[in-house]
Structures are given as structure tokens and as C-alpha cells.
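**Q** structural data only, the sequence is not supplied:
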């Protein structure tokens, strides 16, 4: 009875207010100024304790073991705020009492921008028949990572964007605490601890980012001093509308392609896709590993893309990303990858490996194609990889291949 009365009073005092989702969200929490933290000297340097007496290389190695050499999710989304739900003592458990236990969304409060991060576990958890991190016996790829569900379908077709707390499950873990990086305590210990920790954090980890609002304005949302030190990225570019696969960005690109050519006086605003292509080389000049997944439906709406749909897709979407790889500069030890929908992968795998230099590599039951970036020596190349499963989402291959302008089957 007391609990029922509390719930009734809460409903009366804090009624749920449906927010109009048609209006665009406010601007993310941009920062125009960032603190310039320099190395300490004098008495401040003594705050580092005995750790300061170790050689720099050894300090970096220790910090790397502590919170480096991982894949880290960083996410920013606009939605209902998280809150900790209080459960009766009889229902509490180890998972509920953990740092992340009992976290739910509070739809009685206004929506707001929220940060979230966790350690990615899709490669830490080893293949098991009953394990969610394995699909049909293969390791989960970056495009289908389920730690933060978002974008075009990971594992089961299209899903509308929706971020949540890490969904990784393992019989070896009773709580979610291992999903936390645990770096804040060290960063707040002293000025030198902050400098050393931030260097290792950004330089040695792989950052997995699937939030378009975060990607489009990275220098205003993350410390610009450390962004150039990032060497490994996994990016999910999600351009898909839950109701019709295409979003405004993809539709705009195709409309420009099939519409009236612009005059020299007209000014065309860059789309989100082109902004991302321009941002990557300038923001991350020292990348050695870059994985981009186009979480989007590449063929034109209603199949209206001209007589050569494959050529148009290559020109509109693949070539700009190839220019990103060229700008970063292929070199020994660097690896660039582009993942696209599986139907498109099959089309271009055939197109590039027949009469043109290229190779196909088997990865489990999947394949990836090596695409040179040029014929000259030292031009380098990249891997075109399987992406989201459009076969499951769109139905029969017959219809899909017709949309690609191939007729029945893979006939050329």
C-alpha cells in the first residue's frame, strides 16, 4: 500500500510529458576553450610520487596495461537522461549493486545530450556457441558491434538508432564494472598523471564512434590537443531513416547526381557525408588503422540512378572515402578498411576482381577484397569488407540486384 501511494503521488507531481521528436535537438555541448595543462615543476612535480622516478618508457608501459591497448566506445546522444532505479533489498544482486547497476532511462525528465563510454568486449569474449559476441561461428565485426546498439542492423537487420548502456553479456562476469575503463581516478591524481594518462589513453587505444553528432563536431566536443595523437579508429557512418532506409543526406547526394548540374555561381553546402570525409584527414593526421562502415543504403531511391548505378555509387560514395585513405598516406603498417552493405560488396567484388588487380581474402565464412588506390608503385590500397546484411532486410536477391542495375543474378 505505501508503495502504491508513492507511485500515485509521483505520477501526479511528475507526469510524463511527451516531447515533440519532430523538432531537431539543440546544439551539442560545444566547447570553444580548452585548458592548456603544462607539465608541472617544482613542488607540483613531487605530487607524482615514486612513479615519477621511473623512466618514461616504463611509465607508459604500465599505464598501457592499466587502460591502454583496448577498443573504447565513445557515444553522444540526445535522449531521456539516465537515472539509478532503487530496487527493494530482496531484489538486489551483485549486478544491481555495481557501479552501473539499476540504471534506467527517466522519461519524466526532458531529453538532453548525454555522454556514454565503455570498453568494447566483442573481441575479448572468445567464441562460444551460446555467446552473443559470436554470430554463426565468427567474431563480431565493428559494423555489427552490439555494445551500444545503433544504426543499421548489427546481427539482425535494420534497427533504428538507440544508444544504451553496454549490453555485453558473459557468464564470467557478474556485473558491468569491467566495462568501465577506470581512468578518471588516475587523471585526477595530479597534473603529471593527467598528462601521461591522456597521452596513453588517446595514443594506444582504438576509438569506436557511431554517433554522427559527435563525429561531425569532434574538435568542439573532445580535447583538440589529443585528437591528432589517435592512431586507430572504427567509425560507423549511419545514414538511414527508420521508415525508408534513406535519410536526407543520402537522398540529397542522389538528387544532386540526377538533377540539374550546378552553375559556377551556385554554392552547394557540403552534406554530412562530405563533411566527414573532409574532417578525418585533418583531425586525425597520424592514423595507422582506419575502419569506416557505411551504415547506409547506397543504391538510389526507387532505382532512379541512371544507366550505370554501380558506377554512380562508386563515384558518389566510394571515391570520396578512397580520397580520405590517399590523404592519410598508405604506408607499411597502415591498414584502411571500408565496409558496405553485403549486396554492394558482392557487386564490387566481382567488378574489381575481373580483369583488374585485386585479391579476395577469406575471413571465416566472410570475404574481403583488396582494392589498390592506384596502379603506380607505392600507391597502397584498402580492404573492402562485408557490411550490414541488406539481404535479410530487403528480401530476395532478385529485387536487390535489379536495384543495382544487374538484372537477375550477378550478370554483367
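**A** Thanks, I have the structure now. No experiment lies behind these values; they were computed from the predicted model shown. Numbering: from 1, shown residues only.
**Q** thought residue 370 was touching residue 383, still the case?
**A** Yes - proximity of residue 383 to residue 370 meets the contact threshold set by Cβ atoms under 8 Å, at 6.1 Å. (Each C-beta comes from the backbone N, C-alpha and C, glycine too.)
**Q** so what's residue 115 up against?
**A** 74-76 (Cβ atoms under 8 Å, 6 or more residues apart in numbering).
**Q** of the residues you listed, which belong to helices?
**A** Assignment to helices by DSSP state H places none of the contacts of residue 115 there.
**Q** list only buried entries from the residues you listed.
**A** 74-76 (16 or more other Cβ atoms under 10 Å).
**Q** closest to residue 290 out of those residues?
**A** Residue 290 has its nearest neighbour among those in residue 74, at 15.8 Å by Cβ to Cβ.
**Q** quick one: pLDDT of that closest one?
**A** pLDDT, residue 74: 93.
**Q** next, the residue lying closest to it once chain neighbours are set aside: secondary structure please.
**A** The shortest distance from residue 74 to any non-neighbouring residue, by Cβ to Cβ, 6 or more residues apart in numbering, is to residue 117 (5.0 Å). In three-state terms, and counting by DSSP: H, G, I helix; E, B strand; the rest coil, residue 117 is strand.
**Q** next, count neighbours for residue 117.
**A** Neighbour count of residue 117, defined by other Cβ atoms under 10 Å: 17.
**Q** any idea how far residue 39 is from it?
**A** Counting by Cβ to Cβ, to the nearest Å, the gap from residue 117 to residue 39 is 26 Å.
**Q** and for residue 247?
**A** 46 Å.
**Q** mind checking which of the two has more residues around it?
**A** Between residue 247 and residue 39, counting by other Cβ under 10 Å, residue 247 is the more crowded of the two (18 against 10).
**Q** so the more buried one touches residue 254, yeah?
**A** No - contact criterion Cβ under 8 Å: residue 247 and residue 254 do not qualify, at 11.5 Å.
**Q** the closest residue to residue 381 other than its chain neighbours: neighbour count?
**A** Spatial nearest neighbour of residue 381, excluding adjacent residues (Cβ to Cβ, 6+ apart): residue 372 at 4.2 Å. Number of residues near residue 372 (other Cβ under 10 Å) recorded here: 16.
**Q** residue 372 and residue 379 touch, don't they?
**A** Yes - between residue 372 and residue 379 there is a contact under Cβ under 8 Å: 6.0 Å.
**Q** who's residue 295 bridged to?
**A** As for beta bridges, residue 295 partners with residue 238 under DSSP bridges.
**Q** what about it, distance to residue 385?
**A** Applying Cβ to Cβ to residue 295 and residue 385 gives a distance of 13 Å.
**Q** in terms of neighbours, single out the busier of the two.
**A** Higher neighbour count among residue 295 and residue 385: residue 295, with 27 against 23, using other Cβ under 10 Å.
**Q** for that one, give me the pLDDT.
**A** 90.
**Q** residue contacts, it?
**A** Residue 295 neighbours (Cβ under 8 Å, 6+ apart): 143, 151-152, 210, 236-240, 387-388.
**Q** where does the chain have low pLDDT?
**A** 1-22, 42-46, 86-103, 123-139, 149-177, 241-245, 260-267, 302-307, 355-366, 394-412 (pLDDT under 70).
**Q** how about the helices in it?
**A** Going by DSSP H, the chain shows helices at 2-13, 56-67, 184-187, 191-204, 212-216, 218-221, 248-258, 272-283, 309-313, 319-328, 342-353, 390-394, 397-403.
**Q** export the ones you listed to JSON lines and tack on mean neighbour count?
**A** JSON lines is the format used below for the helices of the chain (neighbours: other Cβ atoms under 10 Å):
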{"stretch": "helix 2-13", "mean neighbour count": "9"}
{"stretch": "helix 56-67", "mean neighbour count": "14"}
{"stretch": "helix 184-187", "mean neighbour count": "13"}
{"stretch": "helix 191-204", "mean neighbour count": "20"}
{"stretch": "helix 212-216", "mean neighbour count": "19"}
{"stretch": "helix 218-221", "mean neighbour count": "17"}
{"stretch": "helix 248-258", "mean neighbour count": "17"}
{"stretch": "helix 272-283", "mean neighbour count": "17"}
{"stretch": "helix 309-313", "mean neighbour count": "19"}
{"stretch": "helix 319-328", "mean neighbour count": "17"}
{"stretch": "helix 342-353", "mean neighbour count": "20"}
{"stretch": "helix 390-394", "mean neighbour count": "18"}
{"stretch": "helix 397-403", "mean neighbour count": "16"}
